[in-house]
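Q: sharing a model that was predicted from the sequence below.
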Amino acid sequence: MGGLFFKTIITSLIAGAAYVIGQILVAKHEPEIKKIIDELENQAALYFKEIVGEKEPDNYAECLKFLKSKNCTDIWDAEKKSCLKADNFSGKGVFQEKDNCYIGSFVGGKKNQGLIYFGNNTKDFIREGRLISESLPKLPDNTIINKMTVDNYDSCKKLLNNKSCSTSMIWNIEKEVCNPKDNFSEKGVFLDAYDSCYVGQFKMGKYHAQGILYYPSQEKYEGNFVNGKRHGLGKLINKNQTISGQWKDDKLSK
């Protein structure tokens with residue numbers, strides 16, 4: 001059961017973590033986000049129990065306390081229940097390094113997939129040796145794209161006009177070129193058939209993951225997209241109100 005359970009928990013953590021971390025940067029106090037964070041905490045508790053067979057630590061200090069209780073200054077091997085040298089270790093364990101305490105799997109002595117606590121009382125998740133937060137598209141409001149500020153519909157459309165991208169082309173933010181829409185899977189800017197202007201991540205030519213969609217009405221949607229539709233946690237903002245919540249297939253869930 002251990003290996004399968006571990007894989008299941010890792011998958012569920014990764015699936016929810018990337019979006020949660022990105023949204024905390026935008027609106028960390030919103031009730032909807034707090035609900036998701038609470039669910040993530042519950043998953044993390046199960047995950048830690050699978051690794052070390054004990055209660056999950058609440059923070060960085062508790063993670064260090066666990067290692068201290070084992071008299072371990074290297075990696076605590078969760079399977080052998082012993083302290084081992086970090087060099088070339090492959091398996092599941094707990095490890096403290098500088099300002100972080102890590103719980104998860106290792107490959108060749110390097111962190112692979114797991115949960116990491118930092119000394120400033122924040123935490124993140126690692127997938128294939130990389131912090132999930134580092135792979136998020138950095139697209140907060142007032143985005144600076146190629147020296148132009150994009151913070152509303154007009155400035156988004158102006159950017160595309162200046163770049164002379166045709167109606168079927170996406171402005172590639174990182175490569176600074178116009179790319180065909182088909183199969184585009186990077187960060188870009190695009191004016192769609194409804195005259196709405198999108199800034200964010202694409203997958204195979206469709207809005208996918210984090211992005212901001214600016215409407216001609218001066219409304220905007222900030223949040224998650226799946227296959228070109230508003231789907232996941234997001235908020236619709238106009239001059240009178242902000243409507244936040246879970247979206248499904250382009251509609252706000254009741």
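A: Now that the structure is in, tell me what you want to look at.
Q: so for the helix or strand encompassing G93, what gets flagged as buried?
A: Assigned by DSSP states H and E, G93 belongs to strand 91-97. Under the neighbour-count criterion of 16 or more other Cβ atoms under 10 Å, strand 91-97 has K92, G93, V94, F95, Q96 buried. Glycine gets a C-beta too; all of them are placed from N, C-alpha and C.
Q: where are the low-confidence patches of the stretch 101-250 of the chain?
A: Within the stretch 101-250 of the chain, the segments meeting pLDDT under 70 span 120-122, 132-147.
Q: so N238 sits right up against S217, yeah?
A: Yes - between N238 and S217 there is a contact under Cβ atoms under 8 Å: 7.4 Å.
Q: residue contacts, the residue nearest to K248 when sequence neighbours are not counted?
A: Of all residues not flanking K248 in the chain, H231 sits nearest, at 6.0 Å (Cβ to Cβ, 6 or more residues apart in numbering). Residues in contact with H231 (Cβ atoms under 8 Å, 6 or more residues apart in numbering) are N224, F225, W247, K248, D249, D250.
Q: so which of these wins on neighbours?
A: Using other Cβ atoms under 10 Å as the neighbour criterion, F225 leads the contacts of H231 with 26 neighbours.
Q: okay, S164 and I170: tell me how far apart.
A: S164 sits 13 Å away from I170, taking Cβ to Cβ, to the nearest Å as the criterion.
Q: may I have the strand holding G93 as CSV, with CA atoms only?
A: Output in CSV follows, covering the C-alpha atoms of strand 91-97 (Å, rounded to 0.1, in the frame of the first residue of the first chain):
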residue,chain,number,x,y,z
GLY,A,91,14.3,6.9,-1.2
LYS,A,92,11.8,8.7,1.1
GLY,A,93,13.0,10.8,4.0
VAL,A,94,13.3,14.0,5.9
PHE,A,95,16.2,16.5,5.5
GLN,A,96,17.1,19.9,6.9
GLU,A,97,19.3,22.2,4.9
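Q: contacts for it?
A: Residues outside strand 91-97 that contact it (Cβ under 8 Å, 6+ apart): 6, 51-52, 63-64, 66-67, 72-80, 84, 86, 101-106, 111.
Q: select only the buried ones of these in ChimeraX?
A: Remark: buried members of those, expressed as a ChimeraX selection using 16+ other Cβ under 10 Å:
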select :6,51,52,63,64,66,67,72,75,76,77,78,84,101,102,103,104,105,106,111
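Q: what helix or strand is the residue nearest to K248 located in?
A: strand 229-237.
Q: for C101, same thing?
A: Here C101 is assigned to strand 100-107, by DSSP H and E.
Q: am I right that A193 is in a strand?
A: No - secondary structure of A193 (DSSP: H, G, I helix; E, B strand; the rest coil): coil, not part of a strand.
Q: and it, how far from K181?
A: 11 Å.
Q: and those two? Which one has more around it.
A: K181 (17 against 7).
Q: K70 versus that one, what's the distance?
A: Distance of K181 to K70, computed by Cβ to Cβ: 54 Å.
Q: the stretch 51-200 of the chain: strands as residue ranges?
A: 75-77, 82-84, 91-97, 100-107, 110-118, 123-127, 130-131, 143-145, 148-150, 169-172, 177-180, 187-191, 197-203 (DSSP state E, counting those that start in this stretch).
Q: residues in contact with K220?
A: Applying Cβ under 8 Å, 6+ apart, we find K220 in contact with N152, Y153, I212, L213, Y214, L236, I237.
Q: scratch that, N224 is what I was asking about
A: Per Cβ under 8 Å, 6+ apart, neighbours of N224: Y19, A209, Q210, R230, H231, G232, L233, G234, W247.
Q: next, format those residues as JSON lines and append distance to Q201.
A: Listed next are these as JSON lines, based on distance: Cβ to Cβ, whole Å:
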{"residue": "Y19", "distance to Q201": "11"}
{"residue": "A209", "distance to Q201": "4"}
{"residue": "Q210", "distance to Q201": "6"}
{"residue": "R230", "distance to Q201": "14"}
{"residue": "H231", "distance to Q201": "13"}
{"residue": "G232", "distance to Q201": "12"}
{"residue": "L233", "distance to Q201": "15"}
{"residue": "G234", "distance to Q201": "13"}
{"residue": "W247", "distance to Q201": "16"}
